[in-house]
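A.B. asks: here's a sequence, model it:
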Amino acid sequence: MNGRRTVDLDNESSARDARTRKESIDIDMNPMVDLAFLLLTFFMLTTTFARPQAMEVLMPVKPKPGAVEREQPVKESRTISIVLSGENRIFWYRGITDPQIEESDYSPEGIHTLLKEFQASIEGLVVLIKPEEASNYKNLVDILDEMKTCAISRYAITDISPKEQELIATYQP
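C.D. replies: Coordinates of the predicted model:
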C-alpha cells in the first residue's frame, strides 16, 4: 500500500500543479510603441508652431564723437507729430512750427482713420512719435502697430519738447 499511496500522492500533486500553473502570456509591445511614435511624429509635423511675434524697430547708429552731425531736412507740410500722453490720450498736429494741437484716441475712428487719411493725401509722410513721461509702454506699442497697419514707413520716436508739453498742458477741447 505504501507504493500505491505514493503514486496517488504524486498524481494528486501533479494534477494540483497543473491547475495552479498558468501559462504566461507574452504580449509584444513593439507595434504599439511604433504606433505611438508614428502618431507623435505625425502630429508634431502637421501642427503649425507658434511663431514669436516681434516688432522690428530700426534704431540709428550712434554717431562718432568727433563727427559732424547733419540732419536731413524734412518739409513741414509732410510731417505730423503725435504726442502720447497719460490716460491713453493722443495729441497730434501738422507741421513743426506754430502747431494747432488736436486730440484723438486709439479707437478705429480715431488715430487709425486719421493716419489713413494723411497717408493717402500726403506724399512722403513722416510721423514724429513723441511719448510723454505719463504715457505707458502699451501706448507706444499701439501707435507702432498703427504705423504698420496704415503702411507708414517713415516715422521716428523722438523726445517731447518743453514747448509741446506746455501746449498740451494748456490744451482746451
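A.B. asks: just the strands in the chain please.
C.D. replies: 79-84, 90-94, 102-104, 126-131, 155-157 (DSSP state E).
A.B. asks: what's the average pLDDT for the first one?
C.D. replies: Translated: strand 79-84. Taken as a whole, strand 79-84 has a mean pLDDT of 89.
A.B. asks: the last one now?
C.D. replies: Mean per-residue pLDDT for strand 155-157: 86.
A.B. asks: reformat the strands of the chain as JSON lines; add mean neighbour count and distance to Ala120.
C.D. replies: C-beta: built from backbone N, CA, C; applies to glycine. Listed next are those as JSON lines, based on neighbours: other Cβ atoms under 10 Å; distance: least, Cβ to Cβ, whole Å:
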{"stretch": "strand 79-84", "mean neighbour count": "22", "distance to Ala120": "13"}
{"stretch": "strand 90-94", "mean neighbour count": "19", "distance to Ala120": "15"}
{"stretch": "strand 102-104", "mean neighbour count": "15", "distance to Ala120": "17"}
{"stretch": "strand 126-131", "mean neighbour count": "20", "distance to Ala120": "14"}
{"stretch": "strand 155-157", "mean neighbour count": "15", "distance to Ala120": "16"}
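A.B. asks: export those to TSV and tack on distance to Lys22?
C.D. replies: Listed next are those as TSV, based on distance: least, Cβ to Cβ, whole Å:
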stretch	distance to Lys22
strand 79-84	79
strand 90-94	81
strand 102-104	83
strand 126-131	79
strand 155-157	79
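A.B. asks: these: which one's closest to Leu40?
C.D. replies: When these are compared by Cβ to Cβ, strand 155-157 sits nearest Leu40, at 46.0 Å.
A.B. asks: which residues are contacting the closest one?
C.D. replies: Outside strand 155-157, the residues within contact range by Cβ atoms under 8 Å, 6 or more residues apart in numbering are Val126, Val127, Leu128, Ile129, Lys130, Pro131, Leu140, Met147.
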